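Colleague: sequence and predicted structure below; questions after.
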Amino acid sequence: MKKIVFISAVLYFMATALHAQDFLKRSEVHGSFETDVMFYQPDNALGITDSTINGNNFGFNAFADIIYTLDNFSAGFRYEAYLPPIAGFDTQLEGQGFPYLWATYNTEKYSFTVGNFYEQFGNGLVLRTYQEWSLGYDNSINGVRVVAEPVKGLIFKGVYGTQRYYWSKWEKNGRGVVKGVDAELNFNDVFKFMSDAKLQLTLGGSAVSKYQADNNPFYKMPKNVGAFAGRFNIGIGKFNFTSEYAYKINDPSAVNNYIYKDGQGFIFTGSYSTTGLGVFAMFKRYDNMSYKSDQAVTGNALDINYLPALTEDHTYMLAAMYPYATQPNGEIGFQVQVNYKIPKKTWLGGKYGTGIEINYSQINDIDRQKVNDTTGINQNGTLGYTSEFFKFGKTIFNRDLTVKIDKKFSKNLKGIYTYINQQYNQDVVLGHTGEPNVFAHIGVIDMTYKFTSKKALRVELQGLWTKEDKQDWAALMFEYTISPHWFFSIADQYNYGNDIAEDRLHYYTGSFGYTYKTTRVSVTYGRQREGVVCVGGVCRQVPASNGFSITLSSNF
Amino acid sequence: MKKLFLLTFLVVFGMAAMAQEVNPGAKIPSVTIKNIDGNSFNTQDISNDGKPIIISFWALWCKPCKLEMDAYNENYPEWVEETGVKIYAVSIDDARSTAKVLPFVSGKGWTMEMLLDPNSDFKRAMSVNMIPHTFILNGNGEVVYQHTSYYEGLEDEIFEILKKIAAGEDPNE
């Protein structure tokens, strides 16, 4: 306890003393804070009773992130506390401390970092470390990083270290050590004759290796697992193409059921962009691409690479009911999107123009064939399976058609109309074994009316219709805002179509918030439905709950 | 014990929240990110010949951010005429949708300067917690105003601040 008071005191003095003093004019200190507090209460309808809460009526997640800069030198830390973590966050987060400490020296051409850092090579297919507070996710590397840009447009990076695993310290023969190098060459910056060329060209390549001692009692594990990737980015006038291919040597792990197959990842995107029109298409395939610095670990931890989910990201309450999460063991899919703005002063465009967005994505399992007659598909200790590169497997994981129209009717009234048609494989994506695919229609009407230049009311009316899972839902939300400080909102999600009459529940919430510049306080009271929170295809399950939540956030 | 901890945290938090008032003149840190063409871009190259600058963090998955960008875009020609402002919109979309940003922005017809920050390096260096988050810089490149979240009508306040900066006044008075 003394330690906590001490730490808080240090934080306080650093935050105020350092930047308030004139004698440190060249120094700059800035930082950010956030506190999320939940108070839980029993709710019989949700199956939460006094005994299930059992004293756990409180959740507390908080951090303070401070950065100090003096000319070319900067250093910082993040303090985190989960006392205990809010429901739905990994219980291994419980505790407090400084998981992120770093110092960087930066010159025009070089940058050296020691301590924890976040880095991404290309699209992240072989290496990406990042932090996502809302998921409780952090896979930062603790070690050394060097970045060199000897001439503009040519960037070399090298990283070495071990990854964060909640609060557990790295020990010899424990989780692996990660090493990586990356190079990127932008032709237009480096070569004079291309500086004004119509063709924009960037090439890049990375190599990453993980070393982990072989502690497995059953299998002979490869100690060094290498992964390699190459990428390009080409722009020609209004067209743009990007691609990355990654290859990983055999890497048996708890995630892939200890198969000795190599892994591949491939992403290709093409787009056409002109004023008022954007067209986008992409193809991707991941095959056995989970890459963690500990073979025995599953779940959202110790990932060395990142496999983006490449489906439409939904944010409306009911539209976010069935979010897709990347399947690292194998998926193949495509996505197309068109954005078009019907010009002003036309019949369909009206006085202000009308925006249209259409997105379709489909993700299937990859093709999987037996390696030989006596080995089952994905049998542990074997080569697992063979797979044809461009062939779609029979199982559909996710299919999503979204049509969105936004229209401004007058200076004061505007609306966004959304229709979504989804197919969602609960069995694979959520691990709900044996449950059928969900086929859902979702509609959202979102209207905003401006009373004065500062006061506005936004209303969302939503419906979700499906025969599977929990059947039909309706939702209504009112949000009243007074710019720039206040918001008040009430919402209800009603599972009116549930086949089980006593489960036809209302999930009501009321909330308000106050923002002063960068300080934001918001308070919510009500029921939270069981669900999944996803960011970029990494998801966390959230249990149903009832109670108060308070969020405080600020930066300076 | 827990309550004591909470209390201490809140006190520190409150101090920090107030401290933001006395941290003027912060300059933009040097971070290498990408421009919309995929070329590397150093954030110290953010400039506008001594006129005000807006830096706004947004993402495709952030609904209020897109409303804010729509509002900025609608007012941009008027703001430029009156104050000479330049807007940098920094997308923090990660590899999931970085390649979708350009066609989306074109489809929307937005005309501000677009930057890509796919691993949130610039966001972290600027101590941004939540988006949308808008910074306004004066002619010397110093941060003189920040705001997080967007409600209808914020653009009017932004315009007032820009006018003060353009007239050489302190926008916080």
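Modeller: The structure has been received and is ready for your questions.
Colleague: what segments of chain B are helices?
Modeller: Here chain B has its helices, by DSSP state H, at B:2-19, B:63-83, B:98-108, B:121-125, B:154-166.
Colleague: the ones you listed: which one's closest to chain A?
Modeller: Nearest to chain A among the helices of chain B is helix B:98-108 (2.4 Å), distances taken as Cβ to the nearest Cβ. For every residue, glycine as well, the C-beta is placed using N, CA and C.
Colleague: I'd like to know which elements the closest one is packed against.
Modeller: Packed against helix B:98-108, as judged by 3 or more Cβ pairs under 8 Å, 6 or more residues apart in numbering or on different chains; DSSP states H and E, are the following elements: strand A:239-248, strand A:263-274, strand A:277-287, strand A:330-342, strand A:354-366, helix B:63-83, strand B:113-116.
Colleague: now do the same contact list for residue A:57.
Modeller: A:39-41, A:547 (Cβ atoms under 8 Å, 6 or more residues apart in numbering or on different chains).
Colleague: would you check which of those are in contact with chain B?
Modeller: Applying Cβ under 8 Å from any Cβ of the partner chain, the subset of those adjacent to chain B is empty.
Colleague: how about the helices of chain B in TSV, adding mean neighbour count and mean pLDDT?
Modeller: Shown next, in TSV, are the helices of chain B (neighbours: other Cβ atoms under 10 Å in any protein chain shown; pLDDT from 0 to 100):
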stretch	mean neighbour count	mean pLDDT
helix B:2-19	17	55
helix B:63-83	18	93
helix B:98-108	24	92
helix B:121-125	21	94
helix B:154-166	19	91
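Colleague: let me have those in TSV, adding distance to residue A:31 as columns.
Modeller: Output for the helices of chain B, formatted as TSV (distance: least, Cβ to Cβ, whole Å):
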stretch	distance to residue A:31
helix B:2-19	7
helix B:63-83	23
helix B:98-108	27
helix B:121-125	11
helix B:154-166	23
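Colleague: ok, back up a step: and the contacts of residue A:57, which two are furthest apart?
Modeller: Of all pairs drawn from the contacts of residue A:57, the greatest distance, 7.0 Å, lies between A:39 and A:41 (Cβ to Cβ).
Colleague: now do the shared contacts for the two.
Modeller: A:57, A:547.
Colleague: wondering if stretch A:253-266 reaches chain B at all.
Modeller: No. Looking at stretch A:253-266 against chain B by Cβ under 8 Å from any Cβ, there are no contacts, and the closest approach is 11.1 Å.
Colleague: in strands only, show me the contacts of residue A:57.
Modeller: A:39-40, A:547 (DSSP state E).
Colleague: now, of the residues you listed, which are buried?
Modeller: A:40, A:547 (16 or more other Cβ atoms under 10 Å in any protein chain shown).
Colleague: any chance of the ones in strands among the contacts of residue A:57 in CSV with pLDDT as columns?
Modeller: Formatted as CSV, these follow (pLDDT from 0 to 100):
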residue, pLDDT
A:39, 91
A:40, 90
A:547, 90
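Colleague: and the ones in strands among the contacts of residue A:57, which is closest to chain B?
Modeller: residue A:39 (11.8 Å).
Colleague: so what's that closest one closest to, chain neighbours aside?
Modeller: Using Cβ to Cβ, 6 or more residues apart in numbering or on different chains and skipping the chain neighbours, the partner closest in space to residue A:39 is residue A:548 (4.4 Å).
Colleague: which residues touch the residue positioned nearest the centre of chain B?
Modeller: By Cα atoms, centre = their mean, chain B has its centre lying nearest to residue B:56, at 2.5 Å. The contact partners of residue B:56, taken as Cβ under 8 Å, 6+ apart, are B:65, B:68-69, B:72, B:87-90, B:132-135.
Colleague: so what's it bridging to?
Modeller: residue B:89, residue B:134 (DSSP bridges).
Colleague: that one and residue B:112, how far apart?
Modeller: Applying Cβ to Cβ, to the nearest Å, the value for residue B:56 to residue B:112 is 8 Å.
Colleague: overlap in contacts, these two.
Modeller: B:69, B:72, B:87-89.
Colleague: ok, residue B:132 touching residue B:63?
Modeller: No. Look at residue B:132 against residue B:63 with Cβ atoms under 8 Å: they stay out of range, at 9.8 Å.
Colleague: count of residues packed around the residue in the stretch 201-350 of chain A positioned nearest to chain B?
Modeller: Relative to chain B, the nearest point of the stretch 201-350 of chain A is residue A:339 (2.4 Å; Cβ to the nearest Cβ). Using other Cβ atoms under 10 Å in any protein chain shown, the number of residues around residue A:339 comes to 24.
Colleague: put the alpha carbons of stretch A:504-511 into PDB.
Modeller: Provided in PDB are the C-alpha atoms of stretch A:504-511 (Å, rounded to 0.1, in the frame of the first residue of the first chain):
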ATOM      1  CA  ARG A 504     -37.200 -11.700 -23.700                       C
ATOM      2  CA  LEU A 505     -35.200  -9.200 -21.800                       C
ATOM      3  CA  HIS A 506     -34.700  -5.500 -22.000                       C
ATOM      4  CA  TYR A 507     -31.100  -4.300 -21.800                       C
ATOM      5  CA  TYR A 508     -31.600  -0.600 -20.900                       C
ATOM      6  CA  THR A 509     -28.900   1.900 -20.200                       C
ATOM      7  CA  GLY A 510     -28.700   5.500 -19.300                       C
ATOM      8  CA  SER A 511     -25.600   7.500 -19.500                       C
END
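Colleague: go through it and flag the buried ones.
Modeller: Applying 16+ other Cβ under 10 Å to stretch A:504-511 flags A:504-505, A:507, A:509, A:511 as buried.
Colleague: in strands, which of the residues you listed appear?
Modeller: Judged by DSSP E, these include A:507, A:509, A:511 as members of strands.
Colleague: so which of those residues reach chain B?
Modeller: Checking those against chain B (Cβ under 8 Å from any Cβ), there are no matches.
Colleague: ok, those vs chain B, which is closest?
Modeller: Using Cβ to the nearest Cβ, those come closest to chain B at residue A:511, 13.1 Å.
Colleague: got the contact list for that closest one?
Modeller: Here residue A:511 is in contact with A:487-490, A:522-526 (Cβ under 8 Å, 6+ apart).
Colleague: among these, which ones are in strands?
Modeller: A:487-490, A:522-526.
Colleague: could you measure from the residue of the stretch 201-350 of chain A closest to chain B over to residue A:280?
Modeller: Taking Cβ to Cβ, one finds residue A:339 at 8 Å from residue A:280.
Colleague: what touches both of the two?
Modeller: B:103-104.
Colleague: follow-up on the earlier one: can you pull the pLDDT of the residue of the stretch 201-350 of chain A closest to chain B?
Modeller: For residue A:339, the model assigns a pLDDT of 94.
Colleague: give the bridge partners for the closest residue to residue A:282 other than its chain neighbours, please.
Modeller: Sequence neighbours aside, residue A:269 is the residue nearest to residue A:282 in space, at 4.2 Å (criterion: Cβ to Cβ, 6+ apart). Beta-bridge pairing for residue A:269 (DSSP bridges): residue A:242, residue A:282.
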